[in-house]
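Enquirer: Okay, sequence plus prediction incoming.
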Amino acid sequence: MAKTLWAVSDLHVTFPENRARVDGLAGPGDWLIVAGDVAEKISPVVETLAGLISRFERVIWVPGNHELFNRRSEKLTGKARYRALVGELRAIGVDTPEDPYPVFDGVTVCPLFTLYDYSFARPGLTPDNARFKLDDTLAIAPYVDIPAWCAERLDYTRARLDEVRGPTVLINHWPLVIEPVAGRDVALWSGTTATRDWAVKYRARAVIHGHLHTPGERLVDGRRHLDVSLGYPFEHHPASRPWPFPVLGGAAG
């Protein structure tokens, strides 16, 4: 039976309907990408991924904005929260953006964490004058300078990707190109123009993202960009669309 690399994102398991769908995911011998937004608290993120890693050969995770949400009552916020989450997931065997990139059937699978710097926004649009405000403005921005953290993550990630040889699958919660969000207010919180050429430069067979809750495939500069979101229960996509999304098929094992 052929091994498959699957991808999902935006599980939002605090909703019972979503939890039931996630609990039904299984692929002995297969790999699973989880491209962020599992839950808002550390404990259900770890619990969910522990369940998935018991049912898949390998689980590869990147954080979304929901994993980074902070509350004033919490001891760990901002970067410390991310480091704590990485530590707990490593302890149960989940691959994170801080770990060596695994290789699936000759393709390097690269979990990334690049955040956003508001550069996808229309000219003049800022978090202060946007028609609506993403929860990030209350739950992330007060605890860390997001554009500065984005710049740090870009430098760190470029250095790692420059060492990779051969084809890749790039995984990021936020899209690496503007096309999926062009002209929308949510673009403000959805990525950075600094990653525009990464899919081509790093020989991506596919680019995986979530965040937008609009599952589907888009071709940009000849590269496949896949939104693999589950989303909230009222947004679930038709059964005719694949979910989880099959990204690559490997050698028979």
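Expert: Yep, that arrived.
Enquirer: Next up, the contacts around D221.
Expert: When contacts are counted by C-beta atoms under 8 Å, 6 or more residues apart in numbering, D221 touches 177, 197, 199-200. From N, CA and C alone the C-beta is placed, and that goes for glycine too.
Enquirer: can I get those in TSV with distance to I53?
Expert: Compiled in TSV, these are given as follows (distance: C-beta to C-beta, whole Å):
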residue	distance to I53
V177	30
D197	33
A199	28
V200	32
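Enquirer: Just the buried subset of those residues, please.
Expert: 177, 199 (16 or more other C-beta atoms under 10 Å).
Enquirer: Return the subset of the contacts of D221 lying in strands.
Expert: Assignment to strands by DSSP state E places none of those there.
Enquirer: can you count the residues close to A26?
Expert: By other C-beta atoms under 10 Å, the residues close to A26 number 12.
Enquirer: Backbone dihedrals for it, please?
Expert: Here is the backbone geometry of A26 (degrees, to the nearest 10): phi -160, psi 140.
Enquirer: Quick check: of the contacts of D221, which lies closest to L230?
Expert: Of all the contacts of D221, V177 has the smallest distance to L230: 21.7 Å, by C-beta to C-beta.
Enquirer: Spit out the contact partners of the nearest residue to that closest one once chain neighbours are set aside.
Expert: Closest residue to V177 apart from its sequence neighbours, by C-beta to C-beta, 6 or more residues apart in numbering: V220 at 5.0 Å. V220 is in contact with 177, 179, 199, counting by C-beta under 8 Å, 6+ apart.
Enquirer: With T192 instead?
Expert: Contacts of T192 (C-beta under 8 Å, 6+ apart): 114-117, 119-120, 150, 154, 174.
Enquirer: do you know how far P127 is from W189?
Expert: With distances taken as C-beta to C-beta, to the nearest Å, P127 is found 8 Å from W189.
Enquirer: Tally up the residues packed near the residue nearest to V34 when sequence neighbours are not counted, please.
Expert: Nearest non-adjacent residue to V34, counting by C-beta to C-beta, 6+ apart: W61, 4.7 Å away. By the criterion of other C-beta under 10 Å, W61 has 30 neighbours.
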